[in-house]
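> Whatever this is, show me its structure:
(chains A and B)
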Amino acid sequence: MIATGNHAVAYGVKAARAEIIAAYPITPQTQIIEKLSEFIEKGEMRAKFLRVESEHSAMAACIGASACGARAFTATSSQGLLYMSEMVFWAGLGSFPVVMAVVTRTLAPPWSIWNEHTDMLSQRDAGWILIMCESVQEAYDAAIQAFRIAEDRRVRQPVMFGLDAFSLSHTSERLDLIGQEEVEAFLPAPEGDWKVIDVQDPTTYGNMAGPERMMEIRHSIMERLRGSASVIEETASEFSRISGREQAGLVEEYRTSGAEVILVVAGAASGDAKDAADALRDEGVRAGVARLRVIRPFPAERIRAAVQGCRAVAVVDRDYSFGSGGIIGREVASATGIKPFSYIAGIGGCDLSVTDFAGIARDAISRAESGEEGREIWWGIKGSQGPSP
Amino acid sequence: MFLEIRLHGRGGQGIVTAAEMIAEAAIVEGFYAQSIPLFGAERRGAPVSASTRISESRIRRHSQVRQPQIVAICDPLLLYMKEVFDGVPDGAVLVVNHKQEPQLEGSRVALIDATGIAVGNGLVSAGWAILSTVIFGAISKVTGVISKGTVLKVIYSRWKGEVAEKNLRAAASGYDGVKTW
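Take a look at the predicted model:
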């Protein structure tokens, strides 16, 4: 079949048998919840759809449902995610295994509906696992895996998975669904044993905790997130088996062996980076790609191993932290101890093509060869602000 | 085989749907395919574009199509827009919705009166001719890899009854009415 990234998410959530969907529409995410409400209306999916008045309420409802042991899902984007942010932290710090799809979109002002990753990455400290999808197929695959990771006893933390606005959300590609029996064997009905609210036995939850308890509570979340790395890898390998499609766990390495330059990327443009690596290899430039599928927990060791021994590391960020730099670039620097060439590109929906990635790789090599230290480069910026690539 | 197609039209003509149906048909033919809408101001009448890629191997890239080998121009006035010809290489096929053949150097022009066909089949909504199925038929023929049977099959999977019949006739006219090389 053929489907958009948004519809692929809806098919995944349907296969995962989410029981509560609470959501508020926002471009470019709306197709996800429209499709889910269609499934429910037609009787193809047994779930309760809650039409709430805001994203803040959407996440609050998901937390409430999850607290009662239900499998809860929502989807949002950009301004909606920021409006939801208080509850995003509540879900993460409360260890509720909620799953959310984020269609990554530029934050305003100026108003924009186009692609950028800053919205999702702004929530990176909320105690959630962050997954980035590369293709329509991966959006479906991630939706199913997300529930299993979130609900795993060793994790019990929420998972958000991102898909790039339009270049995944509205792009149609071939989609292969997995048989429902296989999905159910992989992801059984929710046990709900994470439930903390019982209407027959009322208690309060989220009450005041003094300084004498807080450090220990935060420490336990740190341990869950840290431990989730092996669960994510294990889940990906099990999913590879049932789907027959090789799944990337934390990091996907593409032609990194013997590479002189490695592009570190995340999201839908990763495929363009791989095509660029192929083209460069054909021209005798030993290029490779390390694709971050997971951004939280940050796979520091995997990235360190991937870029080891290569002459130039080019991190491409479709996001920015003002006063610091490219968010992933900073993380890679901290994880590897090297100063990468940190490219800021594709901001506000600027297209990132195979030609761009090939140009970035060549630029990084020539900078490294001339002995330049890692630095920040705004790729493709117009005017006198940046070096012309 | 790696084929890139770009469609230019106006909001409301069914350009995005046409791009999707071309991708769907290519998948039915056993290829990998992808359709990418270029979203902007979603207004009826505003210039819009959408692209399709068809390949023998898995398509990994998600950037916009920049050097299309086939371009559909669904409104003759768009022939005056520079963007329509951006990156179009020499020898590309231009499928032009017009009654008369425009003079365009360096390209091969396949003329199709898509508006006439759509109106003739009653495919009109709010005063706008819906060109999606005519263009789908015409482009499918030009690709050389999509059979007429597959075009009709894709239409049957989307519509039923009288609507399906109208669209089938429109797509068949598009398929048969366009010249190829």
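> Leaving aside the residues adjacent along the chain, what's closest to whichever residue of the stretch 251-389 of chain A sits closest to chain B?
Chain B sits closest to residue A:271 of the stretch 251-389 of chain A, with a gap of 3.0 Å, by CB to the nearest CB. Every C-beta, even on glycine, is put in place using the N, C-alpha and C of the backbone. Excluding its sequence neighbours, the residue lying closest to residue A:271 (CB to CB, 6 or more residues apart in numbering or on different chains) is residue B:60, at 3.0 Å.
> how much space between that neighbour and residue A:301?
From residue B:60 across to residue A:301, the span is 26 Å (CB to CB, to the nearest Å).
> So between those two, which is more surrounded?
residue B:60 (21 against 13; other CB atoms under 10 Å in any protein chain shown).
> That one sits in which helix or strand?
Under the criterion DSSP states H and E, no helix or strand holds residue B:60.
> State the phi and psi torsions of it.
phi -100, psi -30 (degrees, to the nearest 10).
> pretty sure it contacts residue A:135?
Yes: Residue B:60 is within contact range of residue A:135, at 7.5 Å (criterion: CB atoms under 8 Å).
> quick one: residue A:279 is in a strand?
No: per DSSP: H, G, I helix; E, B strand; the rest coil, residue A:279 lies outside any strand segment and is helix.
> Tell me the helix or strand right after the lengthiest helix in chain A.
Ranked by residue count, the top helix of chain A under DSSP state H comes out as helix A:211-243. Scanning forward in sequence from helix A:211-243 by DSSP H and E, the next helix or strand is strand A:251-254.
> Is there proximity between that following strand and chain B?
No: Strand A:251-254 lies out of reach of chain B by CB under 8 Å from any CB of the partner chain, never closer than 9.6 Å.
> That strand - which strands sit beside it in the sheet, and in what orientation?
strand A:287-292 (antiparallel) (DSSP bridges).
> How far does the strand it pairs with sit from its chain's centre?
Offset of strand A:287-292 from its chain centre (CA atoms, centre = their mean, to the nearest Å): 17 Å.
> which helices and strands sit right next to whichever helix or strand comes after it?
Heading C-terminal from strand A:287-292, the first helix or strand you meet, by DSSP H and E, is strand A:294-296. Packing contacts for strand A:294-296, counted by 3 or more CB pairs under 8 Å, 6 or more residues apart in numbering or on different chains; DSSP states H and E, involve strand A:129-132, helix A:211-243.
> now do 6 Å
strand A:129-132 (3 or more CB pairs under 6 Å, 6 or more residues apart in numbering or on different chains; DSSP states H and E).
> does the next helix or strand after the strand it packs on come close to chain B?
Beyond strand A:129-132 in the direction of the C-terminus, DSSP H and E gives the next helix or strand as helix A:136-151. No: using CB under 6 Å from any CB of the partner chain, we find that helix A:136-151 stays clear of chain B, coming within 8.4 Å at best.
> Now for residue A:280, how many residues are close by?
Neighbours around residue A:280, by other CB under 10 Å: 24.
> For it, which non-adjacent residue is closest in space?
The nearest residue in space to residue A:280 (CB to CB, 6+ apart) is residue A:287, at 3.9 Å.
> Any idea what the one you found is bridged to?
Going by DSSP bridges, residue A:287 forms beta bridges with residue A:261.
> That one against residue A:361, yeah?
Yes: assessed by CB atoms under 6 Å, residue A:287 is found in contact with residue A:361 at 4.9 Å.
> Pull up the overlap in contacts between these two.
The overlap between the contact sets of residue A:287 and residue A:361 (CB atoms under 6 Å, 6 or more residues apart in numbering or on different chains) consists of A:261, A:280.
> So which residue is smack in the middle of chain B?
Nearest to the mean C-alpha position of chain B, counting by CA atoms, centre = their mean, stands residue B:135 at 4.1 Å.
> give me every residue that touches it.
By CB under 6 Å, 6+ apart, the neighbours of residue B:135 are B:18, B:72, B:114.
> How many residues are close by the spatially closest residue to residue A:344 that is not a sequence neighbour?
Counting by CB to CB, 6+ apart, residue A:344 lies nearest to residue A:378, which is 4.8 Å off, once chain neighbours are set aside. Residues near residue A:378, counting by other CB under 10 Å, number 17.
> likewise residue B:27?
Neighbours of residue B:27 (other CB under 10 Å): 21.
> Contact partners for it?
A:2, A:174, B:33.
> May I see the ChimeraX selection of the buried members of the residues you listed?
Applied in ChimeraX, the following selects the buried portion of the contacts of residue B:27 according to 16 or more other CB atoms under 10 Å in any protein chain shown:
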select /A:2,174 /B:33
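> What mean pLDDT does the helix of greatest length in chain B get?
Identified as the longest helix of chain B according to DSSP H is helix B:161-177. Average pLDDT, helix B:161-177: 97.
> what sits up against it?
With CB under 6 Å, 6+ apart as the test, helix B:161-177 has contacts from B:112, B:117-118, B:121-123, B:133-134, B:136-138, B:141, B:148, B:151-152, B:155-156, B:159.
> Check these for burial and list the buried ones.
Applying 16+ other CB under 10 Å to these flags B:112, B:117-118, B:121, B:123, B:133-134, B:136-138, B:141, B:151-152, B:155 as buried.
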